[in-house]
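> Dropping a prediction and its sequence here:
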Amino acid sequence: MSFNDTIDLKAAVGTATGGGVSSQRRDRIMTRTMYARHLESFADEALKQQMSRTCGPLLQPEIEALAARLANLKTRYYSALLEVGKNRGLPQPEQFRELQALRAYCEELEAGFTALTREIEQGAIPVEGVTDPVY
């Protein structure tokens, strides 16, 4: 059922028939929950189509390269953090800026990677060679 198939609830309520919704119109009313589910599936399908047009089929090595890059950035951040711990006193301004930048990069990549992983798991973004088991 598309959103255009819905009717106005006020128009559906029959004032002359005791205020109830007629049985003919009851099946055409879309609830908020139904519409939210419709929007979710619409958004999933739109994402699949856009990803296909924009990125083509996603390949496992592309996603794994992103995971490796994230691991590399985290390692650099932790290494810089431990280096600061070796010195007494406050970190130097350039060390502080480096830590801030590395942390921001890590957080952004982590958020993107998590979102991508969630979309793949939910089937919204297909990955070539990855399927669900058939029972």
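Looks like it arrived, so ask away.
> Spatially central residue for the protein, please.
By C-alpha atoms, centre = their mean, the chain has its centre lying nearest to A115, at 4.6 Å.
> Just the buried residues of the host helix or strand of that one, please?
Secondary structure assignment for A115, by DSSP states H and E: helix 93-121. In terms of neighbour count (16 or more other C-beta atoms under 10 Å), helix 93-121 has its buried residues at E98, L99, L102, Y105, C106, L109, L116, E119. Placement of C-beta: from N, CA and C, glycine included.
> Point out the other elements, helices or strands, that it touches.
Applying 3 or more C-beta pairs under 8 Å, 6 or more residues apart in numbering; DSSP states H and E, one finds that helix 93-121 contacts helix 60-86.
> quick one, the helix it packs on and helix 93-121 angle?
150 degrees (axes from the mean of the first three to the mean of the last three C-alpha atoms, to 10 degrees).
> what packs against helix 60-86?
Here helix 60-86 touches helix 93-121, going by 3+ C-beta pairs under 8 Å, 6+ apart.
> What pLDDT is listed against A36?
At A36, the model reports a pLDDT of 89.
> Near Q50, how many other residues are there?
Residue crowding around Q50 was assessed by other C-beta atoms under 10 Å; the count is 11.
> can you pull the contacts of the residue nearest to E83 when sequence neighbours are not counted?
Excluding the flanking residues, the one nearest E83 by C-beta to C-beta, 6 or more residues apart in numbering is Q95, at 7.4 Å. For Q95, the contacting residues are A80, E83, V84, by C-beta atoms under 8 Å, 6 or more residues apart in numbering.
> mind giving me CSV with those residues and columns for distance to V130, neighbour count and pLDDT?
Shown next, in CSV, are the contacts of Q95 (distance: C-beta to C-beta, whole Å; neighbours: other C-beta atoms under 10 Å; pLDDT from 0 to 100):
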residue, distance to V130, neighbour count, pLDDT
A80, 35, 16, 92
E83, 39, 13, 89
V84, 41, 14, 87
